[in-house]
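Novice: Here is a sequence together with a model predicted from it:
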Amino acid sequence: MNTDTAINVKDLTFSYKADPENNAIENINLSIPRGQFVVIMGPSAAGKSTLANSLNGLIPGFLKGKYKGEVLVNGKAVKGREVSEMAREIGLVFQDFEAQLFSTNVNLEIAFGPENFGIEREEIVRRIEKVIKTVKLEGFENRQPATLSGGQKQRLAIGSVLATYPDIICMDEPTTDLDPIGKIGIFNIAKELHASSQFTLLIVEHETEEALHADRLIMMKGGQVLKDGKPGELLRDVDFTDEIGIMSLHIPSYFYRLLHMEQKELPLTPEDGAAVFREKKLSFNENQYAEILRKEDEREASYGDTVLTVDKLIHVYPNGNKAVDDISFKVREREFMAVLGHNGSGKTTLVKHFNALLAPTEGDVTIYGKNTRDHSIFEIGKEIGYVFQNPDHQIFADTVFDEVAFSPKIRGVDKEEIKERVHEALKAVDLVGYEEEDPFSLSKGERQRVAVASILSAKPKIIVL
């Protein structure tokens, strides 16, 4: 047994019981040394989450299907071991992080793992305090997890795993619901963990910039490992990242396309890019910049009448938390508006007022002249479509077709037009051919696209994502 190897994957192939003819992962071979920081990257349905779930025994112990090959963690085979036993060695933060939160407050959520391992109370208290600071949840110790924002829930899920002090930590897309500062914070946590030799760290991620922090980058598509190497080298290959459906790093992509530089010489970071600018004595074209501003003015002039009005909106939750405080603005037809803010700033609370999912504590929200206080969600839904932050809160049908067809069907659209709308919506999100699939057998990225398609098929005048 090689004590320097944390994870060894040999010829691993797996297909889910719901889709036995298609391998979610195929012939995976990996050896991950102890203490290494690895990022696994790939487009939706690449097999990243399936691989992650194979490492701690969820596959094949809990998620059933055809399983071939072998996974060794700390030299011992995973297959046949209980997930509870594996949890001492490898901690997994789910992609669907809300699925692993169940306690009645933040402190109890973090304490759950150590308590089940029989850790002494004084040590548990010490771990809670340390983890709360690490994941930046000070002041939320007694809050119910259900009342936290999406990003705060994600940080709590990470904290609950950190508290168990496993040898290996695997985070499945741990920054999906975090703001930019929150993402930096999580990767700072990752770097701190990596600095401690007792931790081996795996992060499944779709954001290329964060991968630069890792020792190693594994790129997957179609259930297979396509490339495995140093992040800087792989992320300079702009053609390859584009080809497999990963968004390229902005800096090397710009320099490659605009200056036609050799890929091996491309800068990776803004600092590197600035150095190349100085070295090559490059400058921005002021006339082109002025043209961009002129087009912005033209676009604004094309906006139509006001379609959404928010007037002195205040929302206070039953626990006394004032999530929205005196907000007023208007949105015009054809306008593209972004609502930005850090986690817990009230973004989701604000937009849930647009389609009457929440009622104002004070103030008014008006959609096409209809005050949301005076109309049902069904009535407001004719004008505005809302895609939930978590697609699993929105999806319920047995097939993708039925999910996307639901809204036009309940509004009395005839069968032929429903078929047409479903096809158009699925084409828009690149899911044509998935009509008879069970939505919950799809990857999270694909489920998000199903949720978007289910709104597009209703043809609302306003879409909130």
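Specialist: Right, received. Where do you want to start?

Novice: Point to the helix or strand of this structure where mean pLDDT is at its lowest.
Specialist: Using mean pLDDT, DSSP states H and E, the weakest-scoring helix or strand in the chain turns out to be helix 180-195, at a mean of 73.

Novice: List the buried residues for it?
Specialist: For helix 180-195, a neighbour-count test (16 or more other CB atoms under 10 Å) marks Gly182, Lys183, Gly185, Ile186, Phe187, Ile189, Ala190, Leu193, His194 as buried. Placement of C-beta: from N, CA and C, glycine included.

Novice: And for stretch 97-109?
Specialist: Those would be Phe97, Glu98, Gln100, Leu101, Val106, Asn107, Leu108, Glu109, for stretch 97-109 by 16+ other CB under 10 Å.

Novice: chain center to it: distance?
Specialist: 19 Å (CA atoms, centre = their mean, to the nearest Å).

Novice: Now do stretch 145-152: everything it contacts.
Specialist: Applying CB atoms under 8 Å, 6 or more residues apart in numbering, the contact partners of stretch 145-152 are 101-103, 105-106, 109, 137, 140, 153, 156, 177-179, 182, 317, 319, 321, 342-344, 348, 389-390.

Novice: Equivalent analysis for stretch 377-386, please.
Specialist: For stretch 377-386, the external contacting residues (CB under 8 Å, 6+ apart) are 307-308, 351-352, 354-357, 367-368, 370, 372, 407, 411, 455-456, 458, 460-464.

Novice: Tell me the buried residues within the residues you listed.
Specialist: Buried among the contacts of stretch 377-386 (16+ other CB under 10 Å): 307-308, 351-352, 354-357, 367-368, 372, 407, 455-456, 458, 460, 462, 464.

Novice: In strands, which of those fall?
Specialist: Using DSSP state E, the members of the buried ones among the contacts of stretch 377-386 that fall within strands are Val307, Leu308, Ile367, Ile462, Val464.

Novice: Would you quantify the distance from the last one to Phe62?
Specialist: Spelled out, it's Val464. 35 Å (CB to CB, to the nearest Å).

Novice: same question, the fourth one
Specialist: When distance is defined by CB to CB, Ile462 is 41 Å away from Phe62.

Novice: Can you give me the pLDDT of Gly304?
Specialist: On pLDDT, Gly304 comes in at 87.

Novice: Oh, that last question was meant for Phe284, not what I typed.
Specialist: For Phe284, the predicted pLDDT is 68.

Novice: what does the one 4 residues further on give?
Specialist: With respect to pLDDT, Gln288 has a value of 74.

Novice: just Ser49 next, same as before
Specialist: 91.

Novice: How about Ser196?
Specialist: pLDDT at Ser196 comes out at 63.

Novice: Stretch 306-314: which residues count as buried?
Specialist: Neighbour count says stretch 306-314 has Val307, Leu308, Thr309, Val310, Asp311, Leu313 buried, by 16+ other CB under 10 Å.

Novice: Send me that stretch as PDB with only the CA atoms.
Specialist: Output of stretch 306-314 as PDB, limited to C-alpha atoms (Å, rounded to 0.1, in the frame of the first residue of the first chain):
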ATOM      1  CA  THR A 306     -42.100  51.400 -18.100                       C
ATOM      2  CA  VAL A 307     -43.100  47.800 -17.400                       C
ATOM      3  CA  LEU A 308     -42.000  47.300 -13.800                       C
ATOM      4  CA  THR A 309     -42.100  49.900 -11.000                       C
ATOM      5  CA  VAL A 310     -40.700  49.300  -7.500                       C
ATOM      6  CA  ASP A 311     -41.800  52.100  -5.100                       C
ATOM      7  CA  LYS A 312     -40.400  52.500  -1.600                       C
ATOM      8  CA  LEU A 313     -40.300  48.700  -1.100                       C
ATOM      9  CA  ILE A 314     -39.600  47.300   2.300                       C
END
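
Novice: Go ahead and name everything in contact with that stretch.
Specialist: Residues contacting stretch 306-314 (CB under 8 Å, 6+ apart): 322, 324-333, 350, 353-354, 360-368, 383-384, 461-462.

Novice: In terms of residue numbering, what are the domains of this protein?
Specialist: 5-244, 306-464 (automatic domain parsing).

Novice: Any idea how far the first one is from the middle of the chain?
Specialist: On the basis of CA atoms, centre = their mean, domain 5-244 sits 13 Å off its chain's mean C-alpha point.

Novice: Ok, the last one next?
Specialist: Offset of domain 306-464 from its chain centre (CA atoms, centre = their mean): 18 Å.

Novice: Thanks again, I'm all set now.
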